[in-house]
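# the following comprises the amino acid sequence and a computationally predicted model.
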Amino acid sequence: MSETAQRLVYLNGEFVPEIEANISIFDSALMFGDMVFEMTRSFNGEQFMLRDHLERMYRGIKQLQIPIKQSIDEMEQLVYKTMEANQPAFKDTDEHRIMINVSRGPLSMYKMVFGGKTEPTVVIADFPVKWTVATLADLYDEGIHAVTPSQRAIPAPLLEAKIKNRSRIHYMTANLQVSLIGDPRAFALLLDPDGFITEGTGANFFIVQDGKLMTPEGRNILRGTRRAYILDLAGRLGIPAEERNIELYDAYHADEAFYTSTGFTMLPCTKINGLEIGDGRPGEMFQRLMDQFSEDVGVDIIAQAKAFAAEVAAEVGDLSGVDAYRFGKKATE
C-alpha cells in the first residue's frame, strides 16, 4: 500500500477523496432519513452476494420512488470501479467493505440553490472490513449477551423493515438502552409489539432446538442476505430449518442461538437477558455452519477476524474507540 494513497468515494459521477465526500444539508436523507443503503463485503477480495444486496436495494428504490438513472447492472459496475479505484490504498490482506447510499437528493424547494435542478444522491464508499469486525473477534469465543431493550421493533405497516433504510432512530435508541447495563458483550435483541423476537439492530437472529434451526419469520424484519444464505446452507447440510414466531421463552430454553450479519457473518449468542443459552458456549450447530461458510468463501472467517483485531489493536491500541456495533459510555467502560 502506498503511504500517500487515499481512499476515494464515488459521489454522483465523480471519485473524490474520502474526507471531501459530502452531501447537501438540504438532502432528503438528512431531512427525512429518506435513503436506502446496502453494505457488502469481500472474501479474498471478491464481493460476496453483491447482486443479492443490489436487488434488495433496488426493491427499496422502487417502493420509495427514488428516480435514479443507474440501472442495477450499472450500479454493479460502479461498485467494481470503486474497488479498483481504492486498491492502491488497501493492503493485500484487507477486505473491501462497500457502502452504497442512495437518496432522492436535495428537496425540490431548495432547487434554486442548485441552479434550478436537483437529482438523486448516489454514494459508494470502500472501507476496510477490519475496522468493522476488529472489536467483535473475542465474541466468536465468548458469545454475545443478547438484551431486550424497552424500545420495540417498528411493525412493517408503520415502517417497512424489509427496506434497508436510514430511518433507524429506533435502532440507535435500542443500542443506547442496552449500553446502560455496562456489559461489553451486550447486543440488542428487539421484540415486536406482540412480544415476538424480530432481529438485532442490524443483524438477524437464529435459535437451535433439538437439531432444528429457527429464525423469526420475515414479517417485521430486514430479510438479511446472510439470513438467506444460512437458510440455504442449512438445506444443503440437511439441517431442518423453519421461519416462525419466536418468543423469549423459546429462546431462553434453546440449545443454541446466534446472530448473522454482513460484516461479521455469524456470531454465537450465549446469553439472553442474563440467562445462559445451552451450556453458555458457542454450540455445535453454529460451528458446523460457520465451518461450511468459511469453506464456501475460501476464508477462515473467525481466524481472519482475530487477525484483523490484532492488526487494528497494533494501530490504535484501544479497540473501544473503533466499535461499530456498540454505543454509549457504559459499553466501553
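The structure has been received and is ready for your questions. Numbers count the residues shown, from 1 in each chain.
# so which residues of the stretch 51-200 of the chain form strands?
Remark: strands of the stretch 51-200 of the chain, listed N- to C-terminal, are 96-103, 121-128, 144-147, 186-188; assignment by DSSP state E, counting those that start in this stretch.
# so where's this protein shaky on pLDDT?
By pLDDT under 70, the low-scoring segments of the chain are 1-4, 321-322, 324, 327-333.
# the helices in it, which residues?
Counting by DSSP state H, the chain forms helices over residues 28-32, 50-63, 72-86, 130-133, 139-142, 169-179, 225-237, 248-252, 284-297, 301-316, given from the N-terminal end onward.
# give me whichever of those is most buried.
With neighbours defined by mean count of other C-beta atoms under 10 Å, none of the helices of the chain is more surrounded on average than helix 130-133, at a mean of 23. In this view, the C-beta of every residue, glycine as well, is placed from N, C-alpha and C.
# CA-only coordinates of that helix in PDB, if you can.
Output in PDB follows, covering the C-alpha atoms of helix 130-133 (Å, rounded to 0.1, in the frame of the first residue of the first chain):
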ATOM      1  CA  LYS A 130     -11.100  -4.900   9.600                       C
ATOM      2  CA  TRP A 131     -12.500  -1.800  11.200                       C
ATOM      3  CA  THR A 132     -16.000  -3.300  11.300                       C
ATOM      4  CA  VAL A 133     -15.000  -6.600  12.800                       C
END
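# picking that back up, reformat the strands of the stretch 51-200 of the chain as TSV; add distance to residue 13 and mean neighbour count.
TSV is the format used below for the strands of the stretch 51-200 of the chain (distance: least, C-beta to C-beta, whole Å; neighbours: other C-beta atoms under 10 Å):
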stretch	distance to residue 13	mean neighbour count
strand 96-103	13	22
strand 121-128	8	21
strand 144-147	41	24
strand 186-188	38	25
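# in JSON lines, list those along with distance to residue 280.
Conversion of the strands of the stretch 51-200 of the chain to JSON lines gives the following (distance: least, C-beta to C-beta, whole Å):
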{"stretch": "strand 96-103", "distance to residue 280": "31"}
{"stretch": "strand 121-128", "distance to residue 280": "33"}
{"stretch": "strand 144-147", "distance to residue 280": "10"}
{"stretch": "strand 186-188", "distance to residue 280": "15"}
